[in-house]
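Undergrad: this is a predicted model, with the sequence first.
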Amino acid sequence: MNHRLVHLQMSAINSIAGSSIFNIGDTVHFNPRFKAIAVQRESNVWNEAYDYDFEDFSIFKREANWIKNTIPIETYFVQHKSDIRVNNVSITGVSQASTVQFGGLKKINTESRIKHIRILQD
């Protein structure tokens, strides 16, 4: 991985969610994991009957179905400048297990699992 200097004049980020990162510079390996249980209820009453654990749902126990074979891609990069220059960046949001990266990133492997539950009144 070619290393270059990063010059960032100004950045504004409204929100960075769980297991995400804002990075200026080079990264060798980025491996975030995110798990969540999202419960939406029709009433405003909460009790312990609505508490859930990750172990209650098979989605959090299953092995990820990763792509087994990589596709061979031959690449050749020419860096015309010795640095990365960014003037202004405005970002509304960075979601779960993701990155905003200014610089090089050699390997990324992310995983996000969310179980959505709706509890409706009778």
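TA: In hand now; what should we look at?
Undergrad: neighbours around Ala17, how many?
TA: Look at Ala17: counted by other Cβ atoms under 10 Å, it has 14 neighbours. All C-beta spots, glycine's among them, are computed from the backbone N, C-alpha and C.
Undergrad: contacting residues around it?
TA: The neighbours of Ala17, taking Cβ atoms under 8 Å, 6 or more residues apart in numbering as the test, are Phe34, Gly93, Val94, Ser95, Gln96, Ser98.
Undergrad: hang on, the last one packs against Ser20?
TA: So the one you mean is Ser98. Yes. Here Ser98 lies in contact with Ser20, judged by Cβ atoms under 8 Å, at a distance of 5.0 Å.
Undergrad: that older thread, of the contacts of Ala17, just the buried ones, ChimeraX syntax please.
TA: Typed into ChimeraX, the line below selects the buried ones among those, using 16 or more other Cβ atoms under 10 Å:
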select :34,94,96,98
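Undergrad: now for the contacts of Ala17, which pair is the farthest apart?
TA: Pairwise distances across these (Cβ to Cβ) peak at 14.2 Å, for the pair Phe34 and Gly93.
Undergrad: got any ranges where this protein has weak pLDDT?
TA: Scanning the chain with the threshold set as pLDDT under 70 gives 1, 45-46.
Undergrad: sorry, back to before: between Ser98 and Ser20, which contacts overlap?
TA: Joint contacts of Ser98 and Ser20 (Cβ under 8 Å, 6+ apart) are Pro32.
Undergrad: buried set for stretch 69-89?
TA: Quick answer for stretch 69-89 (16+ other Cβ under 10 Å): Ile84.
Undergrad: chain center to it: distance?
TA: Here the centre of stretch 69-89 is set off from its chain's centre by 20 Å, with Cα atoms, centre = their mean, to the nearest Å.
Undergrad: repeat for stretch 8-22
TA: Between the centre of stretch 8-22 and the centre of its chain there are 11 Å (Cα atoms, centre = their mean).
Undergrad: before we move on, what about stretch 84-102?
TA: Using Cα atoms, centre = their mean, the offset of stretch 84-102 from its chain centre is 11 Å.
Undergrad: end to end on it, go ahead and measure it.
TA: Across stretch 84-102, the terminal residues are separated by 8 Å (Cα to Cα, to the nearest Å).
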